[in-house]
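[1] Take a look and give me a structure for this.
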Amino acid sequence: MASVASKTGEPGETRIVLSHISWETYEALLVETDRSGTRFTYDEGVLEIMSPSPEHKRIKKLLARMVETMTEELEIPIASAGNTTWKSQLKQKGVEPDECYYVANEPRVRGRMDIDLNEDPPPDLAIEVDITASSIDQLRIYAKLGVPEVWICDGRSIRVYELEDDRKYTRRSGSRAFPVLPVEQLQRFIDEFGNGDETSWIRSFRTWVRQELKQSPKT
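    Model prediction:
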């Protein structure tokens, strides 16, 4: 029998955790639920259902704009996969990043809408906004799925994790997906999120990319 736990953090953000949930039930929920932005995380019978807050959604969008602006300016080919559900029945894992991207493996999925982790590589980068801490160890899930890099942002700071040969993540000061990008500069622009309008903010980021990164070797 399933047991339930729930918690509410920022206004409008709620997490419900169900235990003893079968893989079949998880997959049925993915198909049948009118999700409206609701996110599902599954780890060996434990299912977390999260309804993101307005702050969560805003930060997710701003981080995506940074990645997409930078790759456009530096002419780095990417394939955006948004909040696609990545899952493996064999590993009993399922997760939905806030945003994710193919970078090194972009040529392998270019133009495709039928990516399958049983045959294709996982995204090179997953981005997680973690305003209220998840009850499930999401890095453990990403590690099992083989995602090389994960960014986690709690709304105030960003942490970059790289998957090592031992299938565990190590926090890094740089990005494997984008070696020219210093994490401290990501943090600087996150600190400036609320200092003005978003158009001016992303324009400032674009200017910085043009002035500071375009002289660096491309990935």
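[2] surely P121 meets R108?
    Yes - in this structure, P121 is within contact of R108 by Cβ atoms under 8 Å, at 6.2 Å. No exception for glycine: its C-beta is placed from N, CA and C like everyone else's.
[3] These two: which has the busier surroundings?
    P121 (15 against 12; other Cβ atoms under 10 Å).
[4] Excluding covalently adjacent residues, which one is nearest to the more buried one?
    N105 (4.6 Å; Cβ to Cβ, 6 or more residues apart in numbering).
[5] now K87
    Using Cβ to Cβ, 6+ apart, the closest residue to K87 is G94 (3.5 Å).
[6] burial count for the one you found?
    21.
[7] host element of it?
    strand 93-95 (DSSP states H and E).
[8] Mutual contacts of P121 and R108, please.
    Here P121 and R108 have Y102 as joint contacts, going by Cβ atoms under 8 Å, 6 or more residues apart in numbering.
[9] mind listing the helices for the chain?
    All helices of the chain, identified by DSSP state H, fall at 23-32, 54-74, 106-109, 138-145, 183-191, 198-208.
[10] start to end distance for stretch 89-100?
    In stretch 89-100, first residue to last residue: 21 Å (Cα to Cα, to the nearest Å).
[11] ok, and for that stretch, which residues are buried?
    92-100 (16 or more other Cβ atoms under 10 Å).
[12] What of stretch 196-214?
    Of the residues in stretch 196-214, 201-202, 205-206, 208-209, 213 count as buried by neighbour count, 16+ other Cβ under 10 Å.
[13] Can you give me the end-to-end span of it?
    25 Å.
[14] Show me how far that stretch is from its chain's centre.
    22 Å (Cα atoms, centre = their mean, to the nearest Å).
[15] now D116: how far from G94?
    Going from D116 to G94 by Cβ to Cβ, to the nearest Å gives 14 Å.
[16] Identify the residue spatially nearest to the residue nearest to the spatial centre of the chain, adjacent ones excluded.
    Nearest residue to the geometric centre of the chain (Cα atoms, centre = their mean): I127, 2.1 Å. Nearest in space to I127, with sequence neighbours left out and distances taken as Cβ to Cβ, 6+ apart, is E99 at 4.3 Å.
[17] So what sits opposite the nearest residue to R159 once chain neighbours are set aside in the bridge?
    Excluding its sequence neighbours, the residue lying closest to R159 (Cβ to Cβ, 6+ apart) is I152, at 5.0 Å. Note on I152: beta-bridge partners by DSSP bridges are E128, R159.
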